[in-house]
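K.L.:
Sequence first, then the predicted structure, then my questions.
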Amino acid sequence: MAKGRLYPSEAKKLHDPKTGVLVWQITDHPSINHHLYFLTSSTTPNERHIVFASTRSGRTNFYLAGFPSGDIVQLTDGERIHGFSGTLDRSGTVLYFTAGGEVRSVDLRTLEERTLADFSPAHLGECSLNAEGRWLISAAKFPDRFAIVATRTDGSQQRTVYESPRTIIHPQFHPADPTLIEFAHDPAPRMHFIRLDGSGFRCLWEHGNDEFLVHETFLDASTDLIVVRWPYALQRFSPQTGRMETIARLNAWHICPTRNGRYVICDTAHPDVGIRVVSVRTGLHRPLCYPESSNRGSQWRKDRYALLEDWERASQEAAQERSEHLSWMEMEADTVYGPQWTHPHPSLSASERWVIFTSDRTGHPQVYAARIPDDFFAQLDERN
């Protein structure tokens, strides 16, 4: 099974039984299928196609499907591909991703693949593309340290931005400032800023492991962040003032803001009350659809970060795998925070008219797209 293999459309048109919202099931294959990391859009800018990862070839590869329905083409045929690492360039014609210690690209039109950088023997996490489209950053786990590494998108340069003995995960560029990076240390304190040139390092919020902050991201073109205080609240943090404010007392889980910063899309767990849309201004929220995914991971039933004893308690296998990988995002045997493909991870399409999510409710993880009704946001605001 090689790149370029064509699969017939697997799409099904559905409606959520509780909300009536239109939902397309994009994939229908007895393997692991999931969309890209929830801080990046899985659809091309013109929304004619969607990129997803699948193990249908016997190992993780990327695929391109017509959106919301259409044939599926295999984009890659490689080893050690990180299925949550992909991010599209601004034109939607190139997918950047990581595989082991390499940063790669594949052209969606020609399937030409390039190695842009090699940080071996590191394991790399997901890619984040800066506002100018010239630099990619990824978290890296070397045998003796963690790091944020940077790669020019033309393959002309690679370098290390920052190194630490502490775990580094989820570095992300600011949506407008091409040099500002937010990243997470694990465990606490979590949230930090640094510049692409390695300057400006600072811890944004001092806290202990009992303040379980997760899944932070930039709210809009300001430097404000939204962050989950699991499982109690969706919060807003201002790096300028140092103030942490509650947007909604809700068990928001994985969070994705609209570009204007007015709304946040989130999934929920324990209990699962659906994928919800939250008004940042009022804190009001309403369900869009109900993924009914299994939402696995023992730590999500607690209100603190996982420590070594949690991994050891889960199983010796998971503890060993955790020691070898960058984070739980790459782990197959993780029962502490995952497996990640059991989580919906809602993200917005390019037009912000669709919410893309993953659910294993059929017995295998599949990719879905829920259409946001035209009056949905307006109705939310009318509830003031």
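P.N.:
Received it, and whenever you're ready, just let me know what you need.

K.L.:
For residue 12, see how far away the nearest residue to residue 290 once chain neighbours are set aside is.
P.N.:
Spatial nearest neighbour of residue 290, chain neighbours left out: residue 274 (4.3 Å); criterion: Cβ to Cβ, 6 or more residues apart in numbering. All C-beta atoms are positioned from the backbone trio N, CA, C, and that covers glycine. Residue 274 sits 20 Å away from residue 12, taking Cβ to Cβ, to the nearest Å as the criterion.

K.L.:
for this structure, which spans come out with low pLDDT?
P.N.:
Where the chain drops to pLDDT under 70, the residues are 1, 315-333, 382-384.

K.L.:
all helices of it, in order?
P.N.:
Along the chain, the segments classed as helices by DSSP state H run 308-314, 316-324, 376-382.

K.L.:
so who does the residue nearest to residue 290 touch?
P.N.:
18-19, 267-268, 287-291 (Cβ atoms under 8 Å, 6 or more residues apart in numbering).

K.L.:
Please identify which of these is nearest to residue 114.
P.N.:
residue 267 (34.2 Å; Cβ to Cβ).

K.L.:
is it true that that closest one touches residue 345?
P.N.:
Yes: using Cβ atoms under 8 Å, residue 267 is in contact with residue 345, at 7.0 Å.

K.L.:
any shared contact partners between these two?
P.N.:
254, 357.

K.L.:
Compare those two (neighbour count), which wins?
P.N.:
Neighbour comparison, residue 267 and residue 345: the larger count goes to residue 267, with 28 against 25 (by other Cβ atoms under 10 Å).

K.L.:
Return the distance of that one relative to residue 32.
P.N.:
Residue 267 is 18 Å from residue 32, by Cβ to Cβ.

K.L.:
before we move on, what about residue 24?
P.N.:
19 Å.

K.L.:
Check residue 189 too.
P.N.:
Residue 189 is 33 Å from residue 32, by Cβ to Cβ.

K.L.:
Next: residue 25.
P.N.:
On the measure of Cβ to Cβ, residue 25 and residue 32 end up 15 Å apart.

K.L.:
how many neighbours does the closest residue to residue 251 other than its chain neighbours have?
P.N.:
Counting by Cβ to Cβ, 6+ apart, the nearest residue to residue 251 once its immediate chain neighbours are dropped is residue 231, at 4.4 Å. Using other Cβ under 10 Å, residue 231 has 19 neighbouring residues.

K.L.:
how long is stretch 161-170 from one end to the other?
P.N.:
14 Å (Cα to Cα, to the nearest Å).

K.L.:
From the chain's centroid, how far away is it?
P.N.:
Taking Cα atoms, centre = their mean, to the nearest Å, one finds the center of stretch 161-170 at 18 Å from the center of the full chain.

K.L.:
List the buried residues of that stretch.
P.N.:
161-162, 168-170 (16 or more other Cβ atoms under 10 Å).

K.L.:
Contacts for it, please.
P.N.:
Contacts for stretch 161-170 (Cβ under 8 Å, 6+ apart): 39, 125-126, 137, 139-141, 145-150, 181, 183-187, 194, 196-198, 201, 326-327, 329.

K.L.:
partners of residue 152 in the sheet?
P.N.:
residue 135 (DSSP bridges).

K.L.:
do the one 10 residues further on as well
P.N.:
According to DSSP bridges, the partner residues bridging residue 162 are residue 148.

K.L.:
Distance check, it against residue 139.
P.N.:
10 Å.

K.L.:
Over to residue 116?
P.N.:
16 Å.

K.L.:
between these two, which one's more packed in?
P.N.:
Each of residue 116 and residue 139 has its neighbours counted (other Cβ under 10 Å); residue 139 has more, 27 against 20.

K.L.:
residues in contact with the more buried one?
P.N.:
124-126, 146-149, 168-171, 183, 326-327.

K.L.:
Number of residues surrounding the residue nearest to it when sequence neighbours are not counted?
P.N.:
Leaving aside its chain neighbours, residue 139 sits nearest to residue 125 (3.9 Å; criterion: Cβ to Cβ, 6+ apart). Neighbour count of residue 125, defined by other Cβ under 10 Å: 27.

K.L.:
Mind listing the residues bridging to residue 252?
P.N.:
Beta-bridge partners of residue 252, as defined by DSSP bridges: residue 268.

K.L.:
do residue 62 as well
P.N.:
In beta-bridge terms (that is, DSSP bridges), residue 62 pairs with residue 53.

K.L.:
And it, how far from residue 33?
P.N.:
Taking Cβ to Cβ, one finds residue 62 at 11 Å from residue 33.

K.L.:
what sits in contact with each of these two?
P.N.:
The contact lists of residue 62 and residue 33 share 52-53, where a contact means Cβ under 8 Å, 6+ apart.

K.L.:
what about the strands in the stretch 251-384 of the chain?
P.N.:
Using DSSP state E, counting those that start in this stretch, the strands of the stretch 251-384 of the chain run over residues 252-257, 263-268, 275-279, 285-289, 347-348, 354-359, 366-371.

K.L.:
Could you save these as a markdown table and add columns showing distance to residue 307?
P.N.:
Formatted as a markdown table, these follow (distance: least, Cβ to Cβ, whole Å):
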| stretch | distance to residue 307 |
| --- | --- |
| strand 252-257 | 21 |
| strand 263-268 | 25 |
| strand 275-279 | 30 |
| strand 285-289 | 32 |
| strand 347-348 | 29 |
| strand 354-359 | 28 |
| strand 366-371 | 33 |
